[in-house]
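# I'll drop the sequence and a predicted model, then ask my questions.
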Amino acid sequence: MRAVAGADRSGRVEAVGEAVRRGLSEHGLNRSLLLRRIGRIAHPRRRELRAWALAGHGPLAMLTALAVRRLERGVLRIPQGHAGGIVLDMRHLPLSHAHFGSLAYGNLESAVQEAMVRHLGQGGVFYDIGANLGFFALLGAHLVGAEGRVYAFEAAPDNAEAIAANARLNSCANVEVIAKAVASRAGRGRLQVVDDQSWSKLEDYGEHPYTESVIEIELVAIDELLEAGRLRPPTLVKIDVEGAELAVLEGMRATIERHRPAIVCELHGTHREFVAFMEGCGYRLINLEGTIPVADEGASAHALALPALHPGD
C-alpha cells in the first residue's frame, strides 16, 4: 500500500509540474528564458531562495522545490557572445551557483573572453589552470579547433567531473581534464572544498568560511609536466587559483622563458608580486578591468601579460 501511495504522490507531483510548465509556456516563459531571468537575481538571494525551497517547509516551498528540480535538469545553452551555442550540463550547475547568471547570458568575465579570442587561434594550445566548470576550456576548445589542445586543470572533484561531462556534451575531444592542482612543484596538498566549488582553494592560501571538507590532492608543476612530455607547449595560459597564482608561475618559469605564452591571470591580492614576476620575465602588463596600472588595482582584478615585443593587447 505504501508503494502505491508513493507512486500516486509522485504522479500528482509530476502532474503539477507539467501544469506549471504549460502555464509558464502560455505566458511566453520557456525554460531558457526562465533560466536567464532567474540569472538576473543576485547570487546571495538565489542561494537563499534555493535553500528555502529545498528545505520544503510548506506547500509554496515544496512547489518551488519542484520547479527548481525541473529547471536543474537538462542543459543550459549559452545564447550569445563568443561562447554562444556552448551547452552546460545542469547537473553540475545549480541555480545557486555563483556564476549562474553570467553563464546564462554568456557574459562571464567578458574581458577574459575577449583576450582569449585575440590571443588563441586555430591549432593553439590553451592551459586553463583553475578551470571551474569548464566554460573557458570549452571556449578555448572552439577557438583552437581539432588541431589544437586544451588542458583543463581542476582539483575540486565535482568541478573536474563537470568539465569532462561538458566536454563530452559539446563534442570537444581536444579537451583533457587534469584533476590536480598546479603549484610551484609536484607533491601533495590540502584543498578546502567549498559548498560552491568555484571558491575551493588550497589550505595554504587562507581559510574559506564556507568550507565543507578538506581533502588531500596531488600537486603538479607545469615545467615538470612539459619536461616529461606530458603537455604541448602553451599559446595562452589562464590562471584562476584563488590566491595561489604566484606558486603557479614559479612552477612554470622555464615554460614562460622558453615558449613566451600570453598569460591571463585573476589576481587575489597578489597584484604587485605578479607584476614584478612578469616584468622580470620580460613581459608587459595590461589591466583588463580598466586603465589603472595592474599593481594599483583593487582586491581582485584580471591582468593580461604579454612578452615585451608582442604587437597585440
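Structure received.
# Would you mind checking the average pLDDT for stretch 77-84?
Confidence for stretch 77-84, expressed as mean pLDDT, is 94.
# Please read the previous query as pertaining to stretch 227-235.
When pLDDT is averaged over stretch 227-235, the result is 98.
# Distance from the chain centre to that stretch, please.
Stretch 227-235 has its average C-alpha position 22 Å from the chain's average C-alpha position, going by Cα atoms, centre = their mean, to the nearest Å.
# same thing with stretch 243-263?
In terms of Cα atoms, centre = their mean, the centre of stretch 243-263 is found 20 Å from the chain centre.
# Give the rounded mean pLDDT of it.
pLDDT averaged over stretch 243-263 equals 97, rounded to a whole number.
# buried set for it?
Within stretch 243-263, the residues that qualify as buried by neighbour count (16 or more other Cβ atoms under 10 Å) are 243-249, 251-253, 255-256, 260-263. In short, each C-beta sits where N, CA and C put it, glycine included.
# which of the residues you listed sit farthest apart?
Between any two of those, the greatest separation by Cβ to Cβ is 25.5 Å, found for 243 and 260.
# ranges for the strands of the stretch 51-200 of the chain?
Here the stretch 51-200 of the chain has its strands, by DSSP state E, counting those that start in this stretch, at 75-77, 87-89, 125-129, 149-153, 175-178, 181-182, 187-194.
# now those in CSV, with mean neighbour count and distance to residue 289?
CSV is the format used below for the strands of the stretch 51-200 of the chain (neighbours: other Cβ atoms under 10 Å; distance: least, Cβ to Cβ, whole Å):
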stretch, mean neighbour count, distance to residue 289
strand 75-77, 18, 26
strand 87-89, 20, 25
strand 125-129, 26, 20
strand 149-153, 26, 24
strand 175-178, 21, 28
strand 181-182, 27, 23
strand 187-194, 17, 24
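# could these go into JSON lines alongside distance to residue 163?
Below are the strands of the stretch 51-200 of the chain laid out as JSON lines (distance: least, Cβ to Cβ, whole Å):
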{"stretch": "strand 75-77", "distance to residue 163": "15"}
{"stretch": "strand 87-89", "distance to residue 163": "10"}
{"stretch": "strand 125-129", "distance to residue 163": "9"}
{"stretch": "strand 149-153", "distance to residue 163": "5"}
{"stretch": "strand 175-178", "distance to residue 163": "5"}
{"stretch": "strand 181-182", "distance to residue 163": "14"}
{"stretch": "strand 187-194", "distance to residue 163": "16"}
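# Which one of these lies nearest to residue 100?
Between residue 100 and these, the shortest gap by Cβ to Cβ is with strand 75-77, which sits at 8.2 Å.
# Packing partners of the closest one?
helix 31-39, strand 87-89 (3 or more Cβ pairs under 8 Å, 6 or more residues apart in numbering; DSSP states H and E).
# swap the cut-off to 6 Å and go again
Using 3 or more Cβ pairs under 6 Å, 6 or more residues apart in numbering; DSSP states H and E as the contact definition, the elements that strand 75-77 packs against are strand 87-89.
# gap between the strand it packs on and the chain center?
Between the mean C-alpha position of strand 87-89 and that of its chain there is a distance of 12 Å (Cα atoms, centre = their mean).
# now stretch 56-76
The gap between where stretch 56-76 is centred and where its chain is centred comes out at 24 Å by Cα atoms, centre = their mean.
# Just the buried residues of it, please?
For stretch 56-76, a neighbour-count test (16+ other Cβ under 10 Å) marks 63-68, 71-72, 75-76 as buried.
# do stretch 164-171 as well
Within stretch 164-171, judged by 16+ other Cβ under 10 Å, the buried ones are 164-167, 170.
# Residue 300: which of those residues is nearest?
Within the set of these, residue 166 lies nearest residue 300; the separation is 25.0 Å, counting by Cβ to Cβ.
# The closest one: what's it in contact with?
88-89, 134 (Cβ atoms under 6 Å, 6 or more residues apart in numbering).
# Likewise for residue 184?
Residues near residue 184 by Cβ under 6 Å, 6+ apart: 247, 250-251.
# Equivalent analysis for residue 128, please.
Under the criterion of Cβ under 6 Å, 6+ apart, the contact partners of residue 128 comprise 136-137, 152, 238.
# how about 7 Å then?
Counting by Cβ atoms under 7 Å, 6 or more residues apart in numbering, residue 128 touches 136-137, 140, 150-153, 238.
# Likewise for residue 202?
For residue 202, the contacting residues are 181, 189-191, 244, taking Cβ under 7 Å, 6+ apart as the criterion.
# Ok, residue 270 next?
If you count contacts by Cβ under 7 Å, 6+ apart, then residue 270 has 243, 245-246 around it.
# Make JSON lines out of the residues you listed and add distance to residue 82.
Shown next, in JSON lines, are the contacts of residue 270 (distance: Cβ to Cβ, whole Å):
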{"residue": "243", "distance to residue 82": "27"}
{"residue": "245", "distance to residue 82": "24"}
{"residue": "246", "distance to residue 82": "29"}
